[in-house]
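Enquirer: Following is a predicted model, sequence given first.
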Amino acid sequence: MGCRGGYFHGSIKGVVWMIRRGTDYIKSIKENPPVVYYEGEVVKDVTEHSAFKIPISTVAKYYDLHWDEKYKEYLRVYNLDVGEETSISFLRPKNKKDLGKLRDGLVKIYDYYRGFFGRSPDYLNLWTMVFYAHAEDYFGKQFGSKFMENAIEIYKEATKRDLFYTHAIVAPMYDRSRPPSQWEDPYIQVGIVEEKPEGVVVRGAAMICTAGPYAEMLWYLPNVRRDSDPRYAIYFSIPTNTKGVKFLSRRGFQPREGGEFEYPISSRFEESDAVLVLDNVLIPWERIIFFKKPELIEDLMWHTVQLRGWFNWHFVIQHYSRLKFLAGLAIAIAEASGTSNFINVQEKIGEILIYVALNEAALYASVERAQELPNITRPDPYISISASHFNMKTVPRANEILRSISAGSSIPIPAGIKDFENPEERKLLDKYMAMKGLDALERVKMFNLLWDVIGSEAGMRYEQYDRFSRGDPTIRWAQTYTEVFKDRKHEFVKLVKDIIDQMPNPKA
Ligand SMILES: Cc1cc2nc3c(=O)[nH]c(=O)nc-3n(C[C@H](O)[C@H](O)[C@H](O)COP(=O)(O)OP(=O)(O)OC[C@H]3O[C@@H](n4cnc5c(N)ncnc54)[C@H](O)[C@@H]3O)c2cc1C
């Protein structure tokens, strides 16, 4: 793979970090602020804003994990592609051993997150690495050498600066019955307005961009399967502070100040979501990797690049960690309250544990049966995609089981930590809030955790994410048949046909 001298074209100021610390990231986002609208105002400093402080500190923690003695050996790797030590999340696996290391590093990160916080920097690092790996055999072959170089340089820049990328794909939900090119304004979805010598001007919006308000970089990559109008067929990477980029943020689901006792998940793993607006943004040519050939999306998604296999593999890791956490919560509650003796409760806990085991199996099998290509070794796509689609139902189902096991007792939990500070109330709480296996304080902590998974705004947002973040579950499950197993389904039909062929026919 060739390399074109310098590696940085964006407008993010700062130094080369290789492996950053949390403070480096916070400094960078302070110095390179994106335009974020919140309650009618442009946020002056996202790092100080109550709606963004929590995810920003979690992203900072992600970077710090790379310096933590307990995590270092899993999260750092000598990266031959840049000739330095980098985060494991940038590793281009060259064999099954590398892929296993990447899996184990990502599992460490998501075990720390308990399977929440899906828009951690590692997620898009994986995409950038995959584009780099296919710079030659896909981007170069299909779009020419300039685009190949762009994919290479964007990877090197992201890796050497340890940048935090997020992404946006889906067009706003204006009218799903017609493709965006037939909408009253065809530039509701981001489209090419003008081509200039220095780049391409684009205008439009994306429905949702998680982490946009506090990410440094953005991949915009629309699903051009929904509309093959070439004006939409453009993939690019830009700094989030590029002129004309705006984020319309949703309301923050952060708890009130000091709410770590009442909302242990929201206060750690709340992520923000925003509408992304690109208001006549000039995208320099060197930031574009896919251009005006919508028909080439199939090869990117399903064949040469197999992007679908890769990002679904990452989701299996996220949800494997989450299911372990949900299993732990279900077991702890059932055992403390004595309901674990009931066969129906045991059956339900068993169900979550089966999901855990199947995900673990999928993660090992996807590496064991990895596809070893000359430029990259990638997880088995049948396994990764199927397991990820399966989890669109298993994770919400695990939440449903938690609701069923905890039943009405999940609701009347004292309002806050102060209830335990009033001596008279404390006496009552100690007596009436305890469970056989937990004292009152432990029990309330456990049930605050439970509520933050199954009932709070952040919990509900995660459930929506678990169902929809890889697309609509109905469409995805159908695609398992129409796309994922397209080449293999006849194998299964043959098993039936062979018997039918051996069955006797009536005499003529
Ligand atoms: C919390 C959260 C965070 C997310 N973060 C991001 C992000 O950071 N970046 C990003 O790009 N995306 C993100 N996603 C968006 C995700 O990619 C989309 O939600 C997903 O692609 C589904 O699109 P949609 O929500 O527009 O639903 P649609 O696909 O429009 O579906 C809506 C409904 O219409 C039905 N429907 C739609 N089209 C058809 C059809 N052709 N045939 C039959 N039925 C149809 C569906 O079955 C469904 O019931 C996020 C989603 C969530 C919930």
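Expert: Perfect, I can see it now.

Enquirer: Tell me the spacing between the nearest residue to residue 371 once chain neighbours are set aside and residue 304.
Expert: In space, and not counting its chain neighbours, residue 371 is closest to residue 378: 5.2 Å by CB to CB, 6 or more residues apart in numbering. Yep, even glycine has a C-beta here, placed from its N, CA and C like the rest. For residue 378, the distance to residue 304 equals 11 Å [CB to CB, to the nearest Å].

Enquirer: same deal with residue 491?
Expert: 23 Å.

Enquirer: what about these two, which has more around it?
Expert: Between residue 491 and residue 304, residue 304 has the larger neighbour count (other CB atoms under 10 Å), namely 17 against 9.

Enquirer: rewinding a little: go ahead and confirm the residue nearest to residue 371 touches residue 366.
Expert: No: look at residue 378 against residue 366 with CB atoms under 8 Å: they stay out of range, at 9.0 Å.

Enquirer: Give me the more crowded residue out of these two.
Expert: residue 366 (27 against 22).

Enquirer: What residues does this structure have near the ligand?
Expert: For the chain, the contact set with the ligand under CB under 6 Å from any ligand atom comprises 119, 167-170, 173, 176, 207-210, 273, 461, 464-465, 468-469, 471-472, 474-475.

Enquirer: Now which of those residues would you call buried?
Expert: Buried members of the residues of the chain next to the ligand, counted by 16 or more other CB atoms under 10 Å: 119, 167-169, 207-210, 273, 461, 465, 469, 471.

Enquirer: For residue 349, which non-adjacent residue is spatially closest?
Expert: residue 330 (5.1 Å).

Enquirer: quick one: contacts for the one you found?
Expert: 348, 349, 352, 398, 401, 402, 405 (CB atoms under 8 Å, 6 or more residues apart in numbering).

Enquirer: on that earlier part again, filter the residues of the chain next to the ligand down to the ones in strands?
Expert: 167, 168, 207, 208, 209, 210, 273 (DSSP state E).

Enquirer: Pull out the buried residues from the helix or strand hosting residue 154.
Expert: Secondary structure assignment for residue 154, by DSSP states H and E: helix 145-161. Residues 147-161 are the ones in helix 145-161 that count as buried (16+ other CB under 10 Å).

Enquirer: Please apply the same query to stretch 240-253.
Expert: Across stretch 240-253, burial judged by 16+ other CB under 10 Å covers 240, 241, 242, 244, 245, 246, 247, 248, 249, 250, 252, 253.

Enquirer: Let me know how buried residue 340 is, in neighbour terms.
Expert: Considering only other CB under 10 Å, residue 340 is surrounded by 17 other residues.

Enquirer: Could you verify my assumption that it touches residue 346?
Expert: Yes: when contacts are counted by CB under 8 Å, residue 340 is listed as touching residue 346 (6.6 Å).

Enquirer: which one of the buried residues of helix 145-161 is nearest the ligand?
Expert: residue 158 (17.2 Å; CB to the nearest ligand atom).

Enquirer: Is the closest residue to that closest one other than its chain neighbours part of a helix or strand, or is it coil?
Expert: Leaving aside its chain neighbours, residue 158 sits nearest to residue 128 (4.9 Å; criterion: CB to CB, 6+ apart). The local conformation at residue 128, judged by DSSP: H, G, I helix; E, B strand; the rest coil, is helix.

Enquirer: residue contacts, residue 128?
Expert: Residue 128 touches 90, 154, 155, 158, 159, 165, 219, 237, counting by CB under 8 Å, 6+ apart.

Enquirer: Now do the contacts for the fifth one.
Expert: Shown in contact with residue 159 (CB under 8 Å, 6+ apart): 79, 81, 82, 86, 90, 125, 128.
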